[in-house]
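Asker: build the 3D model from these lines:
(2 chains)
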Number of protein chains: 2
Amino acid sequence: MKDIVILYSGGMDSSVALYQYASQIRLAVSFDYGSKHNKKEIEYAALNCQRLNIEHRVVDIDFNKMGFVSSLLQSGGDIPNGHYEDDTMRSTVVPFRNGIMLSIATGIAESMDCDKILICNHAGDHAIYPDCRENFIESMSQAISYGTYNNAKILAPFTNLSKREIATIGNEVHVPFENTYSCYNGQKVHCGTCGTCTERKEALLGFDPTVYQQSL
Amino acid sequence: MKDIVILYSGGMDSSVALYQYASQIRLAVSFDYGSKHNKKEIEYAALNCQRLNIEHRVVDIDFNKMGFVSSLLQSGGDIPNGHYEDDTMRSTVVPFRNGIMLSIATGIAESMDCDKILICNHAGDHAIYPDCRENFIESMSQAISYGTYNNAKILAPFTNLSKREIATIGNEVHVPFENTYSCYNGQKVHCGTCGTCTERKEALLGFDPTVYQQSL
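Answerer: Sure, this is the predicted structure:
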């Protein structure tokens, strides 16, 4: 039965879930929210959905216009380089982004009689992003259950996995990682030095098909 | 201290809160989400904010384009007449609307260092709208607290009040009810027969300045 709506960025984590749960996914939702790297990710999201014959919907919601403050957004300052868990990376937090994306996906899911919303938060995000932690996911899932007629809930299968563990699952289910995009700088080729590129390299070590600008 | 972001529709309930909490409100947020009556409400929202010298922001987010199903939306069927609590009114539910509006307001609030999000759900909404009930509000507030750096929370002062009780407070704080709009049909003059008009009349009985189409 296809009863899952997945938050699908086109990045490596949610691509692993897309391939792993493909037979249960009714709809993949990507958010074009006005970040610097968004458009590039969404191209890959569309490509993978097409390969798996999964319906793909892009939700257009511009956080810049709404007055959100984050270096990840087009209206924000420079994105810092370095490791994702560094304190400098805090400027990349988009306030309550997961709460917003989960809420919209819930409304879409209920509109099509689906009662599961899948999100790919993982253990590596916990340090910087409060809306990736287990206590947030649990209370948000409770709120979603109370707030919907079909008592929908969140699936967050990677909450306690590292990015390396997720990549290993992806390698086993043959995710074409060359068709996934992570770089926060949004250029055609991954920069290889921003927070997400640094993380990506560590996770895919040994089976990384990515071309990085920095090693060209 | 002004640390409240209020979800402000321009309807009578949130107008009462706008006047009651004016001294603590940093920003009023209205959502233009593609309903049939929305634009009219927002005109009144802007007017009341201007009178009270409160910053007003309109968030443009089209639920029709996202595939939401509801008779309240421009893409939906006819809005039923009758009392708000009737089962026929269920078609007017916009799936998880309050979850979505609260989430976006939370992101905006955190971006401007505010930690309180005020919503005007009330007891009369509980029968039809799951995302107006106390258990939803409580778990959503918990999720918002966990999911933000400033541990923001929801204020929902009308959760256990009837619309009549809210109107009575409004009358005491001199809300200009003629500058509030409730009708689900979105015409210039309140229709007087839809669910919200029926409710409005009952609530304002004795001090109702509204002109209704049906009594013209």
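Asker: lowest-scoring secondary structure element of chain A by mean pLDDT?
Answerer: Within chain A, no helix or strand scores below helix A:195-204, which has a mean of 91 by mean pLDDT, DSSP states H and E.
Asker: centre of the chain to that helix, how far?
Answerer: Distance of helix A:195-204 from its chain centroid, counting by Cα atoms, centre = their mean, to the nearest Å, is 14 Å.
Asker: so which elements touch that helix?
Answerer: Packing partners of helix A:195-204 (3 or more Cβ pairs under 8 Å, 6 or more residues apart in numbering or on different chains; DSSP states H and E): helix A:12-20, helix A:163-172. C-beta coordinates here come from the backbone N, C-alpha and C atoms, glycine included.
Asker: chain B is nearest to which of those helices?
Answerer: helix A:12-20 (18.5 Å; Cβ to the nearest Cβ).
Asker: helices or strands up against the very next helix or strand once past the closest one?
Answerer: As assigned by DSSP states H and E, the chain's next helix or strand after helix A:12-20 is strand A:25-32. In this structure, strand A:25-32 packs against strand A:4-7, helix A:38-52, strand A:56-60, helix A:97-111, with contacts taken as 3+ Cβ pairs under 8 Å, 6+ apart.
Asker: touching, residue A:166 and residue A:125? I think so.
Answerer: No - assessed by Cβ atoms under 8 Å, residue A:166 is found out of contact with residue A:125, at 11.2 Å.
Asker: so if I had to pick from these two, which one is more boxed in?
Answerer: Ranked by neighbour count (other Cβ atoms under 10 Å in any protein chain shown), residue A:166 and residue A:125 place residue A:166 first, with 25 against 21.
Asker: wait, residue A:52 touches residue A:21, no?
Answerer: No - counting by Cβ under 8 Å, residue A:52 stays clear of residue A:21, with 10.2 Å between them.
Asker: what about those two, which has more around it?
Answerer: It is residue A:21, of residue A:52 and residue A:21, that has more neighbours when counted by other Cβ under 10 Å, with 18 against 14.
Asker: in chain A, what spans have low per-residue confidence?
Answerer: Low-confidence segments of chain A (pLDDT under 70): A:82-87, A:216.
Asker: and with 80 instead?
Answerer: A:36-37, A:79-89, A:185-186, A:214-216 (pLDDT under 80).
Asker: quick check, central residue of it?
Answerer: residue A:9 (4.4 Å; Cα atoms, centre = their mean).
Asker: for the nearest residue to that one once chain neighbours are set aside, grab the count of nearby residues.
Answerer: Nearest residue to residue A:9, sequence neighbours excluded (Cβ to Cβ, 6 or more residues apart in numbering or on different chains): residue A:41, at 5.2 Å. A count of neighbours around residue A:41, defined by other Cβ under 10 Å, yields 24.
Asker: give me the distance between residue A:180 and residue A:120.
Answerer: Between residue A:180 and residue A:120 the distance is 12 Å, computed by Cβ to Cβ, to the nearest Å.
Asker: please read the previous query as pertaining to residue A:103.
Answerer: 17 Å.
Asker: who has more neighbours, those two?
Answerer: Between residue A:103 and residue A:120, residue A:103 has the larger neighbour count (other Cβ under 10 Å), namely 29 against 25.
Asker: so who does the more buried one touch?
Answerer: By Cβ atoms under 8 Å, 6 or more residues apart in numbering or on different chains, the contact set of residue A:103 is A:144, B:96, B:99, B:100, B:102, B:103.
Asker: ok, residue A:148 next?
Answerer: A:106, A:110, A:115, B:95, B:96, B:130, B:131.
Asker: between those residues, which is nearest residue B:72?
Answerer: residue B:95 (10.7 Å; Cβ to Cβ).
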